[in-house]
Every structure is written in structure tokens, then in C-alpha cells.
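> Predicted model, plus sequence, below.
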Amino acid sequence: MKANEIRKSFLDFMASKGHQIVPSAPMVIKDDPTLMFTNAGMNPWKGIILGNDPIKYARVADSQKCLRVSGKHNDLEEVGHDTYHHTMFEMLGNWSFGDYFKQGAIDFAWEYIVDVLKIDPKNLYATVFEGSNDDGLDRDNEAASLWAKHLPADHILNGNKHDNFWEMGDTGPCGPCSEIHVDSRSDEEKAKLPGRELVNKDHPQVIEIWNIVFMQFNRKADGSLEPLSMKVIDTGMGFERLVRTIQCKTSNYDTDVFQPMLGKIGELCHCEYGKDEKTDVAMRVIADHIRTIAFAITDGQLPSNEKAGYVIRRILRRAVRYGYTFLGMREAFLYKLVPQLIIDLGEAYPELVKQESQITPVIKSEEEAFLRTLDKGITLLDKLMADANQAGKTEISGVDVFTLKDTYGFPLDLTELILREKGFTTNEEEYNKALEHQKEMGRSANKQDLGDWNIVREGDTEFVGYDELEVETEILRYRQVSQKGKSFYQVVLSKTPFYAEMGGEVGDTGHLRLNDLRFTILDTKRENGLPVHIMTELPSDVNATFVASVDAERRQAIACNHSATHIIHYALRQVLGEHVEQKGSFVSPDSLRFDFSHFQKVSPEELRKVEILANQLIRYDLHLEESRHTPIAKAREMGAMALFGEKYGDDVRVIKYGPSIELCGGCHVSSTGRIGSVRIVLETSVAAGIRRIEAVTAAKADELYYTIQDMHAGLKSLFNNAPDLAGAIRKSIEENAGLKKQIEQFMAEKVELFRDDLIRRAEDFGDVKLVRLQGDVNPDMLRGAFPLLRGKFTDVKFAVVAATQHEGKPTIAVFLSQPLVDAGKNAGSMIKSAAKLIQGGGGGQPWMATAGGRDVNGLTAALDDLLAALK
């Protein structure tokens, strides 16, 4: 079976067992503050598992795109060096929400693996949770007895809490699990050592292929367990490992999941996979990473220096440097692999095909930028080695190496490789200390202590904020949270008008009111699909009935900006073309930001057309036509625009203002006229093929107009209220340029006179003609005269030693003619030593150097030091 056939067989099997087959959720997570990426198949179902979202289907199955590179699941540095770790991988999974439990899950797994895939049962092992005295849990005898129907006793193994008890986090749903392992070794190896001795021992040929989690407990903040009200089955089967098993390979990279891509890499890099281990590692790294990079961009995450974008940039750069170091790729090449990736995965994930024109230029631009970084890093490293050489050292400071990596993005392994080739080492202890300090700073900044939820009353939150800004409500639950030394409360309400931050729109603020008491709501976040209100103070009577009130003026400003993004999106497509698609947005009370696909800078004329069209639609006062529960298929028929990288349900909300139709869950004005006007203030590049517009609306647009009006009036007054202001400014600039040229000519003449004066003042100093200079001298005169002196004294030992001050600041300077430099004198070294005497620093070239300082009283000592060095 080919990889695509295996994926389809799983989904077909689960469909035959009553599971709803759903498409993969985006790999990039946008509305969960606890996660940047989908790192397990269960992530899209967290809301249901936690009881925050309704159950639409009791049985679900899918093939989910996952990414593990940071935090608890950090596999990045192992990828490429072994045969089974990956960054991006596919997770085949089936779920049961309150439907079947252990028996159904185990029987389905066995039937699929043995009856459908025809894996020999003799090679299969199952693990069960051995129990935990700390948690008061016995061995999972129920799971063991169910496996006993299929496997002999010596193929059913106990597993410890680390391997066989799954937890969502420090708190929350958890439970025992059963892993299915397969022994792919040869018969000779199996005869020597049974597979049970190698389960969970990191043997590359005895691997876990399926994990079946029986979620039946909730872990509280104090560490204790309580039963879950609804039992959940969560299974995950690594697709790449499964294909390897079915195709009888010893490496994931030997399967048809990766072989076509490895062949394409070999074609581009003029190498062959399987001939050299170092080359093979580099090719595996690239074959793995190109998948991650392309899927992340498809899901709307561009490489950047922040959060999820930084992770993607790290992965891309790791692929580039492996190609650079081990495959000799000095030019961008990753982007040329995108067509092969689409051949491999385009059928299973059609979003890759649709986004090819976006993926390719972004990767190419990032590659080229990093290759420039590599060139810069090599230059900086060369200087570090030259300085060490001059000091007679062969060890480079670990702090300097860390700075190269952290500040300039130069990879550590490439630094070490270059140092080894040149006979240098680095101080690993210093490097590790610097790295640990940075990590500790990050941990301290992000550490959050979550208390248990205190349940006041049962119930679900009803959001009424589209229609009401004030409503009577009750507290359902609350918990205390501590972060960065501050404490606040997360509060869940039975009914709320507060919009929780999502889709680029910031959360609402306002207050809870109880009679004359007001309790401020600082922000509203969305956590696992649940609107959570952030408060610094908790009411003393949490059982009371409150009035929840949104800051109406702030909400109106947000709504104006959000509706304006829709209008701008439409206008951009009309002016620039239908290729324009939204790639991100940010909506706050003060401004809006809109990212979109376009492959060149938007000209001022085009921006003006966009703004004019947008304001026309605003003046038409188009009324909001809202459909809150529209089937996704009907919404698409209506022409509603969906965003790549967003997860939509079967029912969606459609926002329509005249010709603008979009899927959106945000807050909007009742008609476009309420926006007032929109003014674009900035257009810039975000990444290759991605442009960004920043704009203001309503009162902020008025403020911008008044600012420009005041600036215009101020400029006119500076030019005596000239009727032709632009002409008056142009004339002033031209006059200024002419005067500047005259001043430059005058200064050049003055410097020549100063040079001649220096020559006349020269006196004998041994066999040197020396000028000693003290008093008030402008340092610019010295810097201008020294190059003129250089051409005058090519055969004579001539020197200028200056210790001067100007406007209260001390300066020392040295000029040496070429014969003095040839004799071993060095102006830069002389200045470095003397600069300390004026509490300053500086340097320069062997023939000319200067330094500034803070202590004018040290000038005499500095002059003596320079003369002594010259003598």
C-alpha cells in the first residue's frame, strides 16, 4: 500500500464504524493562548473535552497536521539524525465523546491493524498502565483483560506513569493509556531477544505506532484526581511510522512519504541519498522541514521574530544551514521543493495547491535573507578569531559565540564547525551559562500559576454581545491566576455581552455592577473556546446577580475598525485584483492593521484609489446584513470569503455590507455610515508577497485630519503664509543646498590652511618632524587635515600628536606618516592606551586614530603618554 492509500484506508475504516470524518484543523493555532501549534490530534477537540463546546458528533476521525518543536514536545534537534523523529507529522486519530470507551477503542484498533492492514499479530505488543501509589490508582486491569482477547499474556506489558498515563497539562483531563508497539526486526534478531524486552527502550525497530488514551479523570491544582463527568477516547497513530511498518522499511525516510522529496533534493544538490551519512542527515532535515514550513505558511503563519513566527523561522534556517554546510548550497533552493511537496501531499491537503503562489516567494525571500545573515556572521566570526590570534589565544569567548547566535542568528553548530577548521575552540561553560540565563528569563516571564476552577453553579456561557452591551448575569466559575508577581482572577459568566479576543479583534473591557459596587473587567480572553473575563478584584458575594456592562464607546471604536477592514479588503480586490486575500489583521479601538497577499509595493496612486472607494462605500451607509447560522456551503455560494488557516464549523456567521461578503465572528457597526471615514496611514511589506495597511477610522481619522491641518498651518506661518507653500519650501531647499555647498568649499579651504599651519609648526623630535597640538581645536579639523598630510609626507618621518578640547570635551589624535608606520608605529594602539587617561575610548588605522573622552584634566598626561609611545 502507498502512503495515500494507507491514509484513506484508516478514514474509510473509521467511517464504516460510524465516525464522522472531518478535515484536519490548521496546524497553526490562533485563538488558544496556551498553544502556538497543534502538537497532538486532540488539540482541536479541547473545548469538547473540557466541557466548553457542544458535542456535534459523538464519534469523530481525521488525519491531523501536527507540529512538535518547542516546549514539552521538543524534537527539533533530533530531526534528521535519527529515522523516526519529525517536526511536522500526520496523526491519524479517532475520538469518542461519551460514546464507546475502552472495549470499543481496543477492538477497533485491533481490527484495523490486523484485519485491514494485515500486520502479523506475533509482532504486536500492548502496554497498559501499571498503576500509581501516589495517585491511589490500581493497574488498568480492564484494558489488560480486553487486550487478552487478542494477545498472549507475554505481549501485554505494564507501563509506568511516564509512558502510560496521559495528561493534558499540569491540571485538566487525564487518564491511563494503552500503546501498541510493533517489532520490525528480522527473525534472527527476534530469536535472540524477544520484542517485549525492547518496548519503550528507544530501539529504532521496536516502536510505538498507536496510543489509545482513556480520559476518565480530572487533575486538580492540588494534584488530586476526580472522575470526569464524560469519558473520552482519544487515539493517535503516527502516520509516518505506520507507513514505514506497512511498507517494511527500517526508516520513515525510506517510505514513499519522503523518498520522492529526497530524490528532488538530490537532483538540486547533485548528491544521492544513502551514500554518505552527513549528507543523508542534511537531506533528511530538509525533507522534513520543507513540509513544516509550507504547511505553516499555508495556515497563515509567516516566518518572523516573534512567537510562532520565530519557530517557523528557526526551522527554515535550520534547513538552510544544513544545505549550506553539508550540501554546498550557497543560493536559495528550498523554494524549488514546493512543487514536489504538492505532488506528494496536494491530494490529501488541497490547501497546499491553492496557496502555492504564496508559499514559494515567502520561502525564497526568507532563504535569501538568512544567506545574507550567514555571510555577515562569518565576517564577525573571522574578526573574533583574528582578535584571539592577536592576543595569542585559541579559545573564543562563549559569551561572544552566544551573541553571534542570539543577536545575529548565526547557528551554533556552524560556528563550532568553522572554529574547528581554523584550530579554535569555544568556552562551552560560558556559552551554556548565557543560554541558561536567557531561558530562565523566558521562563520567569511566562510562568503562570493557575488555581483550580471554583464552581459556583453549573451551566454554559451565552454570548449576547452582538445585540446587547449590558445584561444581567451570574458567575459560573472563577479561579485565581498569578503571573510576574501579580495576581488576578479569571471569571466565567452565565451570560456575557463581552467579546473575547479572537480573529485579530481585541477583547472587550468594562465592569460587573452590583448595586453601587463596580468591579473592573480589564480584558476578555478566549481559553479553550470559553470566554474568560480578567478581573483584579473578585466580588465578595460570588452568588449574587450582577449587571455585566461593556465599555460602549470603546466597543464602537473597535467595531468601526473591524467593519473598515472588510471594506478595505473589498476595495483592495477591486483596485489591485482578485488575487488579493486577507493574511491577517489586528483590530483595536485606536487603529486597524490589515495584511494581504500582493507581490509588489502598492503605489500611492493605488492607495488613493483604495481609500476613495472605501470612503464611497462608507458614505453609501450600507446596512449590515448578518446571517448567524448559515451552512458553510450556502455561505460559499453567497460569495463569502473564507481565510486560509482558519477553522470553520458547519454553521458560520456571514457579514455583508453591499458587495463585501465575508465569514466573520467579530463585532461590527450596524451600517457603514457609522464608520465616518477611513484614512490609510501606512503601507509596508511584512514578508515576500505580503503587504500591510494600517489605517484609522471615525474619531481617530478626525484627529489625523486635525493634526495634518495644524501642521499645514504651522508650515504656512513659517513661510510668511505664502500662497504657494510647496513652491516656497522648494525655493528654501534650493537656497539651503547652495549655501551648504559654499560652506563645504569654505571648510575645505580652512582645512587646507590648517594643514599648512601644522606643517609650519613642526619641530624636530629625534629623527621625526613632530607637531604637538594643545588648546581649543575642533576635532573635525584634525580629521579633515590628516588625510591631506598623508599625501605630503610619503618619504619623511612626520607625526602630529594632539591633546585638545572643544566645547568642554577632550580629544586626542595621532597622525603618522608612512615611514613611521613602516617602522612599526601604530596610531590605533597609541590612542587606545592614552584614551584611558581622559576616561574615553577610540581607535582608528595604523596611520591615523582619534579618541574622545570625559575628563579634560587628563589631557596633559595623555599627551605625555602619546609622546612616550612615539619616542
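Received, thanks.
> Just list the residues touching the residue nearest to the spatial centre of the chain, thanks.
By CA atoms, centre = their mean, the chain has its centre lying nearest to Gly309, at 2.1 Å. Gly309 makes contact with 301-303, according to CB atoms under 8 Å, 6 or more residues apart in numbering. Bear in mind the C-beta positions are built from the backbone N, C-alpha and C, glycine included.
> one more time with 6 Å
Taking CB atoms under 6 Å, 6 or more residues apart in numbering as the criterion, Gly309 is in contact with 302-303.
> Could you list the buried residues of whatever helix or strand it lives in?
For Gly309, the host element (DSSP states H and E) is helix 307-326. Within helix 307-326, the residues that count as buried by 16 or more other CB atoms under 10 Å are 308-309, 311-326.
> and stretch 617-628, how far apart are its ends?
Stretch 617-628 has an end-to-end distance of 23 Å (CA to CA, to the nearest Å).
> Can we start the residue count at 38 from this point?
Understood, numbering begins at 38; the last thing we discussed is stretch 654-665.
> Check which residues of that stretch are buried.
In stretch 654-665, counting by 16+ other CB under 10 Å, buried: 654-655, 659, 664.
> Between these, which sits nearest Gln811?
Of all these, Gln811 sits closest to Ile655, with 70.4 Å by CB to CB.
> My guess is that closest one contacts Arg711. True?
No - with contact defined as CB atoms under 6 Å, Ile655 does not reach Arg711; the gap is 8.8 Å.
> what is the mean pLDDT for whichever helix or strand comes after the helix holding Gly346?
Using DSSP H and E, the next helix or strand after helix 344-363 towards the C-terminus is helix 375-382. Helix 375-382 shows a mean pLDDT of 96.
> Just the buried positions in helix 375-382, please.
So for helix 375-382, counting by 16+ other CB under 10 Å, buried means 375, 377-379, 381-382.
> Would you tell me what the next helix or strand after it is?
That would be, after helix 375-382 and using DSSP H and E, helix 388-391.
> Sort out which residues of that following helix are buried, please.
For helix 388-391, using 16+ other CB under 10 Å, the buried residues are 388-389.
> Show me the contact partners of it.
Identification of contacts with helix 388-391 by CB under 6 Å, 6+ apart yields 335, 379, 382-383.
> just checking, what packs against the helix or strand following it?
Counting by DSSP H and E, the element after helix 388-391 in chain order, helix or strand, is helix 393-427. When contacts are defined as 3 or more CB pairs under 6 Å, 6 or more residues apart in numbering; DSSP states H and E, helix 393-427 sits against helix 314-335, helix 344-363.
> So which of the buried residues of stretch 654-665 sit within strands?
Ser664 (DSSP state E).
> Select from the buried residues of stretch 654-665 every entry located in helices.
654-655 (DSSP state H).
> export the buried residues of stretch 654-665 to a markdown table and tack on pLDDT?
Formatted as a markdown table, the buried residues of stretch 654-665 follow (pLDDT from 0 to 100):
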| residue | pLDDT |
| --- | --- |
| Leu654 | 97 |
| Ile655 | 97 |
| Leu659 | 97 |
| Ser664 | 92 |
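> Which two of the buried residues of stretch 654-665 have the greatest separation?
Ile655 and Ser664 (22.0 Å).
> What residues does the closest residue to Ile323 other than its chain neighbours make contact with?
Counting by CB to CB, 6 or more residues apart in numbering, the nearest residue to Ile323 once its immediate chain neighbours are dropped is Ala356, at 4.9 Å. When contacts are counted by CB under 6 Å, 6+ apart, Ala356 touches 322-323, 326, 371.
> are any of those buried, and which?
Here, 16+ other CB under 10 Å leaves 322-323, 326, 371 buried among the contacts of Ala356.
> list the buried ones in stretch 864-880?
Quick answer for stretch 864-880 (16+ other CB under 10 Å): 864-865, 867-869, 871-875, 877, 879.
> now, which of those lie within helices?
864-865, 867-869, 871-872.
> Serialize those to a markdown table and add fields for distance to Asp688 and pLDDT.
Written out in a markdown table, the entries for those read as follows (distance: CB to CB, whole Å; pLDDT from 0 to 100):
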| residue | distance to Asp688 | pLDDT |
| --- | --- | --- |
| Ala864 | 77 | 94 |
| Gly865 | 73 | 92 |
| Met867 | 79 | 94 |
| Ile868 | 75 | 94 |
| Lys869 | 73 | 91 |
| Ala871 | 78 | 94 |
| Ala872 | 73 | 94 |
